[in-house]
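Participant: Sequence and predicted structure below; questions after.
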Amino acid sequence: MPRPLTLNEDRLFPSDPATRAVARRLYGEVKTLPIISPHGHTDPEWFATNAAFSDATSLLLAPDHYLYRMLYSQGLALEELGVPSRLGGSQTDGRAAWRLFAANQHLFRGTPSAIWLAHVFSDVFGFDVALDAQTADLYFDQIGEALVTAAFRPRALFDRFNIELLATTESPSDDLQHHKAIRASDWKGRVVTAYRPDPVIDAEHEDFQSSLARFGDLTGQDVRTWAGYLQAHRMRRAAFAAMGATSTDHGHPTAATADLSPIQAEALFDKIVSGRFTPVEAELFRAQMLTEMAAMSLEDGLVMQIHPGSFRNHNARLFASHGRDRGADIPTPTGYVRDLKPLLDRFGNEAGLTLIVFTLDETAYSRELAPLAGHYPALRLGPAWWFHDSPEGMRRFREQTTETAGFYNTVGFNDDTRAFLSIPARHDMARRVDCGFLAKLVVEHRLAEDEASEVASDLAYNLAKQAYRL
Amino acid sequence: MPRPLTLNEDRLFPSDPATRAVARRLYGEVKTLPIISPHGHTDPEWFATNAAFSDATSLLLAPDHYLYRMLYSQGLALEELGVPSRLGGSQTDGRAAWRLFAANQHLFRGTPSAIWLAHVFSDVFGFDVALDAQTADLYFDQIGEALVTAAFRPRALFDRFNIELLATTESPSDDLQHHKAIRASDWKGRVVTAYRPDPVIDAEHEDFQSSLARFGDLTGQDVRTWAGYLQAHRMRRAAFAAMGATSTDHGHPTAATADLSPIQAEALFDKIVSGRFTPVEAELFRAQMLTEMAAMSLEDGLVMQIHPGSFRNHNARLFASHGRDRGADIPTPTGYVRDLKPLLDRFGNEAGLTLIVFTLDETAYSRELAPLAGHYPALRLGPAWWFHDSPEGMRRFREQTTETAGFYNTVGFNDDTRAFLSIPARHDMARRVDCGFLAKLVVEHRLAEDEASEVASDLAYNLAKQAYRL
Amino acid sequence: MPRPLTLNEDRLFPSDPATRAVARRLYGEVKTLPIISPHGHTDPEWFATNAAFSDATSLLLAPDHYLYRMLYSQGLALEELGVPSRLGGSQTDGRAAWRLFAANQHLFRGTPSAIWLAHVFSDVFGFDVALDAQTADLYFDQIGEALVTAAFRPRALFDRFNIELLATTESPSDDLQHHKAIRASDWKGRVVTAYRPDPVIDAEHEDFQSSLARFGDLTGQDVRTWAGYLQAHRMRRAAFAAMGATSTDHGHPTAATADLSPIQAEALFDKIVSGRFTPVEAELFRAQMLTEMAAMSLEDGLVMQIHPGSFRNHNARLFASHGRDRGADIPTPTGYVRDLKPLLDRFGNEAGLTLIVFTLDETAYSRELAPLAGHYPALRLGPAWWFHDSPEGMRRFREQTTETAGFYNTVGFNDDTRAFLSIPARHDMARRVDCGFLAKLVVEHRLAEDEASEVASDLAYNLAKQAYRL
């Protein structure tokens, strides 16, 4: 007999009855607020074309590195899981991959993936039995049948999910055709882009030279000169803003910033474009460009996000066979106090700039990030990110940042996901965990319940809108 | 209608009824113990002159960087908040500053400042409505009226707060006139000094040369020779001890110590006083001086405190306009294992030395500090400090140090504050959080309640007295 | 009147009644599972000779650095505690040492030692009064009387403790005579060895040259040549496997690995054996040897363990007087992402290799270790280790690793102890803490209870067996 699947109304709330009662009340007030998703990685083509998704494996498993990295860690091959390699799409039958996934659900016990999947299976698809080896085919078939219906087209799901705004992330060399198509359509869903210039800033990125060439083509600038390169950024930022962007995003290996003189910056740039640079120079250029981007943000009002500290493509063999973003990005110790100082020395006191900083190194929460955000007018703390976008991770974020930075130097929740169907699950988890945290403050008489209620709405909705200028 | 202000009797206790019941009982036994404040930054002039405090803003807001840094982080100017700049006192009307503060109380939700303020407002001033925009004037007026009464003079408050001993912190170049005046008076309050020689040890301090000159004047030593400089320290330490000091305090950027030969130390000193030194040499001199201070502590019995790891005056623009101690000191990663080794190699096995070490880098609690303090006879752990002097911060301190270092290698609570009126609130918070922690051990059968009761009194009172030799 | 000693049935479970009820049920299912102890430091001679232990001090206090380091940290001399020095056994009367220990039990409040001792005293020896100054002699006498009885011989205790397998740890230069004697005996207890080659790999170990000589003698290889040295490792690994070993263990100062070419490795080895090497070369050799060991593990199937990050013998004076392993090993910041990369680049994708990594630097749990173990097929996470083998330490381990690595990239519990009598207490603590953690997931509806029940058995028994290939 299959195991039942239900979503308990009290899930993720602390068990202590007094605390749970408060958490329930707080959550009741934010549960149905619209979703603001100011940072993520869904594909705008979905909403531009509104084409049906194809099957369970290619929708839910193959693109989700949270899922297949865990299976891979236990010895399953990516080829068996439908994950495309550098040679192209996997040859594996989607149903066979799904069965493997189903038979290994125990690996996800205690992980947020298990909670998100339960939400998607129960709430989005209506299953009432759990996924396992026995129900694998039932799931694969019923999901397949659902996906061809109108109700499961991307735009219908977007509307059903009560998403008020969804930001995607594009490279400067993207022509934004999908965003143009969305805007040109009669659909009213608000999907905006965000400016992610890493491919034209990170000289160590394998596509740097080709991205740069495309960057020049799109802007008509001579992007191999410093002035032309900066001007091209300004132009693409404006083009992104025209497609609704209110933010930029920077995924650097460290949080290093620099503040070179124009002459030094130009000389460095010349080395960078020449291809003859050292790793130290590539790092210095990334550092300098964060400060340049902050300067442009003060001009054009785009909110700036820094997502630092991931050692990308750590698994050399897997990078060779399958390329980037395959679950092998591993966090590293990340410093902010010295690294952000050059940028902060120039712009930290500007209340007109909003710089949202994230971390994968939790030791920085209480030691560096909360003290910095609790002082500098320009700084805000991004929510618990990536590996920490989880019940315990979010709880630690609040416990380690609130006492120094308060709630109002944080910016609400980011789902940061490419797994579109999990967006409601992720926001629901964040709201529940935040309400649980607030409830604890209430029952310990550290915050009045009416104040907690205001904070709950701010964390679930208002702060994201304000911080991202939506 | 204004929001009510009350202090719940169970505040800060865990919500679980069994745990809360034990916490209540433990707290009941320590609630009224006298306050020992062995380390802090109140102004001895208050107790020497016993002059009335002037108004709410200049007493509570303008000197408290916990409060104004949070307001500053949200874009309010220090000038509007009554915070003095390098040009002198703020021109802002105190009432206007207070209104701004009152209107932004939501920024402090979830912070210890909110809890301390509620205690001060309710317990010290007797308010029963919360501070907000509506009640700003009521607060400003009633606080102003109270402050001119005899009951709100510094000495009366000291007595009312049940303070058994309060230590202030002075520089070697301070003539201790206020401490002399306190001792010469007929008031029986016990206010002692502590020896904080940073200004004559840190060659990178902006006042180093002038402090050194005054240091020589006060001692009659040629403090530009190594022997005279050391002798001057001995003399000032003795003078401080005569004014009740039982401790020294050292606020260095790192925990680095050194153990140079006398010849090396003298050569280094010559560079330092000449003003021609590198940052590495300045750091080495600070490191050497910690070991010199430990040697003197073995002679004169003064307990030694190290408060390392703050990047002082991180905000360059604010330092230029407003000077030091303006809420822009940011913690950095701080190592102890290698840094303390030179000092510990010489004196770590001396049970006659007490060296109390603090941290702003919580990662050191379980990794370095608890193992070091759980081994070396000379070492003790200072309590959760500064950004961690908060419910969650104190809880993490106990959770991460107790299992390796026990309770008896810690030294009770330090309020470390310049906010005099918050001293009872801070000690009350520490007692409540410690009793909550102990209660958890009791209900999980990890500690018997009679033992927990002894520990509660030790943490609230006895350990501070013993460790600081009071 | 002496204080009572009892072991509460609910000890270490969360106090919240709903959570405790689930924890009780889960624990009820794993409580009596046999003990698998795949990594530890008991003395195989005990089981080879089955000689009676002598007295309380020499059995329980003198060999247990958890206990005497705490007493030492409060100013007691090791000589008074029966701890042997380099000059040989302590001259102290065992009873006098025991009395000192008994009179200072308050130092262990809140530590896991207190919980382990209570278990040993109550469950192994049957005491119903607590140890303190009053009961010191009662304890010393009754323990002494028990130890001469047949029921307290090592093999009888092993059987009574329900130990299915116990691994000890030996150096390559150990002739394994005790293991041979155990196997030759008619006793059925399963005691196996593990290969710990540090003394012949760490050129900075004070016994390196003599260990190397013995290594050559035992294998008949010319271990001063690179080829002979590697061959000697292969031979000793095989000899250890013949004595039941399924694992190797490596206790290095860092997690550094290297992947030199054979020519580079040989040149480095020549320097190492010559004794003319720099600290950097000694470190590089240790790093290279981890990769060599991994290569051999792929050949012979031995599971590989790395226990990095301890600064050994930090207390120079104590090392001079008392030698190593005297409670003065202090953790240091430990990186894994860059350090393990050379080894992982070669072998990380090999599902045939099992590499179990431990840490004393908890910051690596969520930042590095869980992401690495949640990706690489060869990697598994060892349990909370040494200073973290405690209720709070184990709880943090689960909270900080589970959401990224799941339960199935961890390997169950290791007691890692030389305190034989505490083995049941340690496993019981681990089972209780894990069941408490699982119960929290259940009552927060993050895991179904039937799944939690499976996980509880896996953590208590199955995972250790599987991971260590037992």
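Facilitator: It's in.
Participant: so what's the single nearest residue of the stretch 101-250 of chain A relative to chain B up against?
Facilitator: Among the residues of the stretch 101-250 of chain A, A:Thr246 lies nearest to chain B; the distance is 18.7 Å by Cβ to the nearest Cβ. All C-beta spots, glycine's among them, are computed from the backbone N, C-alpha and C. Listed by Cβ atoms under 8 Å, 6 or more residues apart in numbering or on different chains, the contact partners of A:Thr246 are A:38, A:167, A:192, A:194, A:301-303, A:468-470.
Participant: three-state assignment of the residue of the stretch 101-250 of chain A found nearest chain C?
Facilitator: Closest residue of the stretch 101-250 of chain A to chain C, Cβ to the nearest Cβ: A:Gly110 (4.2 Å). Three-state call for A:Gly110 (DSSP: H, G, I helix; E, B strand; the rest coil): coil.
Participant: what's around it, how many residues?
Facilitator: Using other Cβ atoms under 10 Å in any protein chain shown, A:Gly110 has 28 other residues around it.
Participant: Skip the chain neighbours and tell me the closest residue to it.
Facilitator: Ranked by Cβ to Cβ, 6 or more residues apart in numbering or on different chains and with sequence neighbours excluded, the top spatial neighbour of A:Gly110 is C:Thr402, at 4.2 Å.
Participant: in which helix or strand would I find that neighbour?
Facilitator: In the assignment (DSSP states H and E), C:Thr402 maps to helix C:391-405.
Participant: elements contacting that helix?
Facilitator: helix A:391-405, helix B:391-405, helix C:370-373, helix C:423-443 (3 or more Cβ pairs under 8 Å, 6 or more residues apart in numbering or on different chains; DSSP states H and E).
Participant: run the last query once more with 6 Å
Facilitator: The contact analysis (3 or more Cβ pairs under 6 Å, 6 or more residues apart in numbering or on different chains; DSSP states H and E) places helix C:391-405 against helix C:370-373, helix C:423-443.
Participant: and the angle for it with helix B:391-405?
Facilitator: Calculated by axes from the mean of the first three to the mean of the last three Cα atoms, to 10 degrees, helix C:391-405 forms an angle of 110 degrees with helix B:391-405.
Participant: contact partners of helix C:391-405?
Facilitator: A:110-112, A:387, A:390, A:392, B:399, B:403, C:12, C:365-366, C:370-371, C:373-374, C:381, C:384, C:433, C:437 (Cβ atoms under 6 Å, 6 or more residues apart in numbering or on different chains).
Participant: Pretty sure A:His252 sits in a helix.
Facilitator: No: A:His252: not assigned to a helix; according to three-state DSSP it is coil.
Participant: follow-up on the earlier one: for the record, mean pLDDT for the helix holding C:Thr402?
Facilitator: Rounded to a whole number, the mean pLDDT of helix C:391-405 is 98.
Participant: Can you give the distance of that helix from its chain's centre?
Facilitator: Its chain's C-alpha centre and that of helix C:391-405 lie 18 Å apart, by Cα atoms, centre = their mean, to the nearest Å.
Participant: Tell me which residue of the stretch 151-300 of chain A lies closest to chain C.
Facilitator: For the stretch 151-300 of chain A, Cβ to the nearest Cβ, closest residue to chain C: A:Pro253, 11.2 Å.
Participant: Which residues of chain A lie near chain C?
Facilitator: A:8, A:11-12, A:15-16, A:69-70, A:73, A:75, A:107, A:109-112, A:311, A:316-317, A:327-328, A:330-332, A:361-363, A:387, A:390, A:392 (Cβ under 6 Å from any Cβ of the partner chain).
Participant: Give me the buried entries from these.
Facilitator: In the residues of chain A next to chain C, burial by neighbour count holds for A:11-12, A:15-16, A:69-70, A:73, A:107, A:109-112, A:311, A:327-328, A:330-332, A:361-363, A:387, A:390, A:392, counting by 16 or more other Cβ atoms under 10 Å in any protein chain shown.
Participant: For the residue of the stretch 351-470 of chain A found nearest chain C, give me its contacts.
Facilitator: Nearest residue of the stretch 351-470 of chain A to chain C, counting by Cβ to the nearest Cβ: A:Ser390, 4.1 Å away. Going by Cβ under 6 Å, 6+ apart, A:Ser390 touches A:112, C:403.
Participant: Enumerate the residues of chain A near chain B.
Facilitator: A:16, A:18-19, A:337, A:345, A:349, A:351, A:363, A:366-367, A:371-372, A:374-375, A:377, A:399, A:402-404, A:406-409, A:443-445, A:447, A:451, A:455.
Participant: Taking those, please make a ChimeraX selection of just the buried ones.
Facilitator: Typed into ChimeraX, the next command selects the buried ones out of the residues of chain A next to chain B (criterion: 16+ other Cβ under 10 Å):
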select /A:16,18,19,337,345,349,363,366,367,371,372,374,375,377,399,402,403,404,406,407,408,409,443,444,445,447,451,455
